[in-house]
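Novice: 3D model of this:
(4 chains)
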Protein chains: 2
Amino acid sequence: MSIQTRRERERTERERLIVTAARELAESEGWDAVTTRRLAAEIEYSQPVLYSHFKGKDAIMAAVAVEGCADIAAELRAARTAASGPQQALAAVGAAYAAFAERRPALYDAMFTLAVDLPFATPEAPPPLKAAFGELREAIRPFAGDDNLETLTETFWSGLHGLMTLMRSSRLRRADHDKRLAILISRFAR
Amino acid sequence: MSIQTRRERERTERERLIVTAARELAESEGWDAVTTRRLAAEIEYSQPVLYSHFKGKDAIMAAVAVEGCADIAAELRAARTAASGPQQALAAVGAAYAAFAERRPALYDAMFTLAVDLPFATPEAPPPLKAAFGELREAIRPFAGDDNLETLTETFWSGLHGLMTLMRSSRLRRADHDKRLAILISRFAR
DNA sequence: CGTTTTTGCTAGCAGTGCTAGGAACGAGAT
DNA sequence: ATCTCGTTCCTAGCACTGCTAGCAAAAACG
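Specialist: The predicted structure is shown next:
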């Protein structure tokens, strides 16, 4: 049995190696640079090895996305708990979300614009996804009023997401970003 | 001079043929089906002809996007002017925007998610782009208050855009779409 | 040490966007 | 009516993509 467990351990280690390499490569050179050949060279194995771990490139990106959700969840939580009141908490979470999208665009894309294989708004969604969504939900809970909390959170999230994607694709002037964010917060915090 | 003008006319005709074929192919089978080979076959010319008209595939998509903006601008205008009051107008414009994104997803992607070569938030933006944005602006003008109108419009647009992209990538449950839209409108119309 | 199983490589497929080169065509001149 | 010259447009090909079949080498077992 020892030999079997060692093999499984090595497999999971290499799987993490792949995901990490993919994330680092994407973050430093963008997803266009993450080709299966390049990624294989990075982990010092041949291409087909990737396919013995993941169904395809999309599945690798999905794994990266889940890692990213854990990251953003932690950052949102930190922002929320450090704030002094509900209003400040919502503003802080919004700012943290925007900062994450700006600072790690490739990761953000994997999470919220590209890969689709992941179950999102269902009970089977990976825990990190739920955690990230949960942080947004807790931040906006004080302002729910008569609205359904989940639905309200989804709507607020959409606002943030639209803001970041449109700005990052140069469809919105970067200069006014803070003003837009402030307007969004003001319309949801009351 | 006649011979020269005839040639130019034929050129612009073929250019329109390319853009129309690209749009129809994208709308019926998605952008993945729009390869340069497939598009060339559709217009019954060879591939290189495309490159004598457009710098590359992205430029073709940009041309399609501009057409799409003219379309959505007309639909938004119709929705806005048919409504009876400011509140109804904003709701109608929001619903029309969402309906457009749902009904013509490929076109929507070309306009607001994919191609980037287009100048957007600048004076040099193609008129159809400004027209579409202008419709959103006029719809929300009555609710601007102290906020800068342009910035507010951008924020509202972001909300709509986020709603549609997240739903279309199955990150939001389709069932609650109407509720989310209602919440967004309610937060911006007051 | 020999056999069997597992592992991971080389080589290749079908497809992508894009481009160089030459052939065929139409326009103007003799 | 024929010849020359430009333009137009096609054939063929490049470098690249994600992905896979089939075999060689390595590891585990008796």
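
Novice: going forward, measure contacts and count neighbours with C-alpha atoms only.
Specialist: Fine.

Novice: what about stretch A:182-190 and chain B, touching?
Specialist: Yes: using C-alpha under 8 Å from any C-alpha of the partner chain as the criterion, contacts between stretch A:182-190 and chain B involve A:Ile183, A:Leu184, A:Arg187, A:Phe188.

Novice: Taking the residues you listed, tell me the two that lie furthest apart.
Specialist: A:Ile183 and A:Phe188 (8.7 Å; C-alpha to C-alpha).

Novice: which one of the two has more residues nearby?
Specialist: Neighbours were counted for A:Ile183 and for A:Phe188 using other C-alpha atoms under 10 Å in any protein chain shown; A:Phe188 has more, 23 against 19.

Novice: mind checking how far the closest residue to that one other than its chain neighbours is from DNA strand D?
Specialist: Taking C-alpha to C-alpha, 6 or more residues apart in numbering or on different chains, and ignoring the residues beside it in sequence, A:Phe188 has B:Arg187 as its nearest neighbour in space, at 6.5 Å. Taking C-alpha to the nearest atom of the strand, to the nearest Å as the measure, B:Arg187 and DNA strand D are separated by 42 Å.

Novice: Please read off the pLDDT at A:Leu181 from the model.
Specialist: The predicted structure scores A:Leu181 at 98 on the pLDDT scale.

Novice: Thought A:Gly94 was touching it, still the case?
Specialist: Yes: under the criterion of C-alpha atoms under 8 Å, A:Leu181 is in contact with A:Gly94, at a separation of 7.5 Å.

Novice: Now for those two: what residues contact both?
Specialist: A:Leu160 (C-alpha atoms under 8 Å, 6 or more residues apart in numbering or on different chains).

Novice: Return the nearest residue of chain A with respect to DNA strand C.
Specialist: Taking C-alpha to the nearest atom of the strand, DNA strand C has its nearest neighbour within chain A at A:Ser46, 3.5 Å off.

Novice: tell me, how many neighbours does the residue lying closest to that residue once chain neighbours are set aside end up with?
Specialist: With sequence-adjacent residues excluded and distances taken as C-alpha to C-alpha, 6+ apart, A:Ser46 is closest to A:Ala40, at 5.3 Å. Other residues near A:Ala40 come to 19 when the count uses other C-alpha under 10 Å.
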